[in-house]
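[1] A structural model of the following input is requested.
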Amino acid sequence: MYWQSEYECMDRGDLELLQLERLQATLNRVARNVPLYRRRFAELGIDPYDVQSLADVRRLPFTTKADLRENYPYGLFAVPLRDVVRMQASMGTTGRPTVVGYTSGDVRRWSELAARILTAGGVTKDDAVQIAFNYGLFTGAFGIHSGAELIGASVIPSSGGNARRQISIMQDYRTTALICTPSYALHLADTLDEMGINKTALSLRFGLFGSEPWTEDARREIEERLGVQATDNYGLSEITGVAGECLERCGLHINEDHFLAEVVDPETGEVLPEGRKGELVLTTLTKEAFPLVRFRTGDLTTLIGAPCACGRTFRRMTRIPGRSDDMLIIHGVNIFPAQIETLIASTGLADPHYQVVLDRQGHMDQATILLEAPESFCTDSIKQSQRILENVRIRLQTELGVSFEVRLVEPRTLQREGGGRIVDRRKI
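    Alright, predicted model coming up:
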């Protein structure tokens, strides 16, 4: 099934001409309207009109997360604020969010891209789609929501949390498609077992999962325990609706008419050929409010150029096994160690030393922070220790949107060398 077969099955030559036309328009727009790009193009002697082939994109500078933070909140917008109809955000490494704006045209295109991904994953207008992503500044839920409505499916915006309630909704509303993180899908499977409910009591047929890395073993377990066909999809808060698997499930089809994808060596920035794993770099081709040129996603993948049996001609990318930077994904939320350190320090603890321990309890992430008590701190003072722990816990929950268990440990007991700051014991 296709949502927009005229694009999804385009002749490769026609597609590349369309990409070049849209790339040239994007470069001219950002050179006129975004000071960062205008300055960088001038420094490198780049005239957007000199970009005459897709290969010329390699001459353009990268855009990084740091650029987004330094231009907070509206410095990278390419349209006046009056043309922005929606703003959403994600956290950055310093706790300052990345703000993304959308024009009405951006929102419409985002819905179309989500409709493509849903259709590729088997969803039709006859489905009841339960979206168990958190609604709010996080972008994932809204895109899938609008895409499902565009298809004509019935949308159940159940949001995240309360697994028993989610399962009751699945039963009562006869949900046929589940949208959430893969770890949450496994948690729902655990909850089904706890409630003594057989998967055959549900109407589920499809599951579209994303927002965190997962494995083929996890896919098989989800399919077996929930009775669904499970597909992967990929996007970022900054760049939405990038790619999704079809039911052949041999790579995620990149929406190449809207995004120009490259894979580069994370260390050198050198563009790698198809088949080589590296960092995914994306250039938006149709975004109006928040266009990005050669954005370094930090996500590792490999591009696949071979034809897919589904008939789509878009290149595919392998599923994301991890990241080239130190970002952690906890409950589907992107968090950097620097954020944690900044928030702990903001509670008044001087030069805090901590360790983040990530485990799985059942199939849910469990995040614990071991925090060394100050040398001058009296460990016999229960009241003081509880005050410190609660203060740190509340700040982390409020600022990052993730619940951490916080424990005090004796001074000088945590590892200082060899990357001991993060201990990730999770296995999906």
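
[2] Ser104: neighbour count?
    When neighbours are defined as other Cβ atoms under 10 Å, Ser104 has 13 of them. No exception for glycine: its C-beta is placed from N, CA and C like everyone else's.

[3] tell me the contacts of it?
    Contacts of Ser104 were listed using Cβ atoms under 8 Å, 6 or more residues apart in numbering, and they are Val85.

[4] what bits of the stretch 201-350 of the chain have low per-residue confidence?
    In the predicted model, the stretch 201-350 of the chain carries pLDDT under 70 at residues 325-326, 338, 348-350.

[5] just the helices in it please.
    If you assign secondary structure with DSSP state H, counting those that start in this stretch, the helices in the stretch 201-350 of the chain sit at 216-226, 337-345.

[6] Can you give me the buried ones in the shortest one?
    Same thing as helix 337-345. With burial defined by 16 or more other Cβ atoms under 10 Å, the residues of helix 337-345 counted as buried are 339-344.

[7] could these go into a markdown table alongside distance to Gly269?
    Converted to a markdown table, these look like this (distance: Cβ to Cβ, whole Å):
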| residue | distance to Gly269 |
| --- | --- |
| Gln339 | 25 |
| Ile340 | 28 |
| Glu341 | 27 |
| Thr342 | 28 |
| Leu343 | 31 |
| Ile344 | 33 |
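
[8] what about stretch 358-365, distance to the chain center?
    Relative to its chain's centre, stretch 358-365 lies at 19 Å (Cα atoms, centre = their mean, to the nearest Å).

[9] C-alpha coordinates for that stretch, PDB please?
    C-alpha atoms of stretch 358-365 as PDB (Å, rounded to 0.1, in the frame of the first residue of the first chain):
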ATOM      1  CA  LEU A 358      20.500   2.500  33.700                       C
ATOM      2  CA  ASP A 359      18.700  -0.800  34.100                       C
ATOM      3  CA  ARG A 360      15.500  -2.500  32.800                       C
ATOM      4  CA  GLN A 361      12.800  -3.500  35.300                       C
ATOM      5  CA  GLY A 362      10.800  -5.900  33.200                       C
ATOM      6  CA  HIS A 363      10.900  -4.000  29.900                       C
ATOM      7  CA  MET A 364      10.800  -0.500  31.300                       C
ATOM      8  CA  ASP A 365      13.900   1.800  31.700                       C
END
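
[10] if we look at it, which residues are touching it?
    In this structure, residues lying in contact with stretch 358-365 by Cβ under 8 Å, 6+ apart are 183-187, 189-190, 328, 330-331, 366-368, 422-428.

[11] just stretch 401-409 next, same as before
    Residues external to stretch 401-409 that are found in contact with it (Cβ under 8 Å, 6+ apart): 91, 134, 330-331, 333, 335, 366-373, 379, 385, 388-389, 392-393, 396-397.

[12] now do the same end-to-end measure for that stretch.
    End-to-end span of stretch 401-409 (Cα to Cα, to the nearest Å): 24 Å.

[13] in that stretch, what counts as buried?
    Result for stretch 401-409 [16+ other Cβ under 10 Å]: buried residues 401-402, 404, 406, 408.

[14] quick one: which of the residues you listed is nearest to Arg116?
    When the buried residues of stretch 401-409 are compared for distance to Arg116 (Cβ to Cβ), Gly401 comes out closest, at 28.6 Å.

[15] Ignoring the adjacent residues along the chain, who's closest to Asp190?
    Sequence neighbours aside, Gly362 is the residue nearest to Asp190 in space, at 4.7 Å (criterion: Cβ to Cβ, 6 or more residues apart in numbering).

[16] Can you check which of the helices of the stretch 201-350 of the chain gets nearest to Leu27?
    Closest to Leu27 of those, according to Cβ to Cβ: helix 337-345, at 32.2 Å.

[17] now the helix or strand just after the closest one, how far from the centre of its chain.
    Proceeding C-terminally, helix 337-345 gives way to strand 354-361 as the next helix or strand, assigned by DSSP states H and E. Relative to the chain's own centre, strand 354-361 is displaced by 21 Å; criterion: Cα atoms, centre = their mean.

[18] swap in stretch 198-215?
    Worked out by Cα atoms, centre = their mean, stretch 198-215 lies 18 Å from the chain centre.

[19] I'd like the numbering to begin with 22 instead of 1 from here.
    All right, first residue 22 from here; so that's stretch 219-236.
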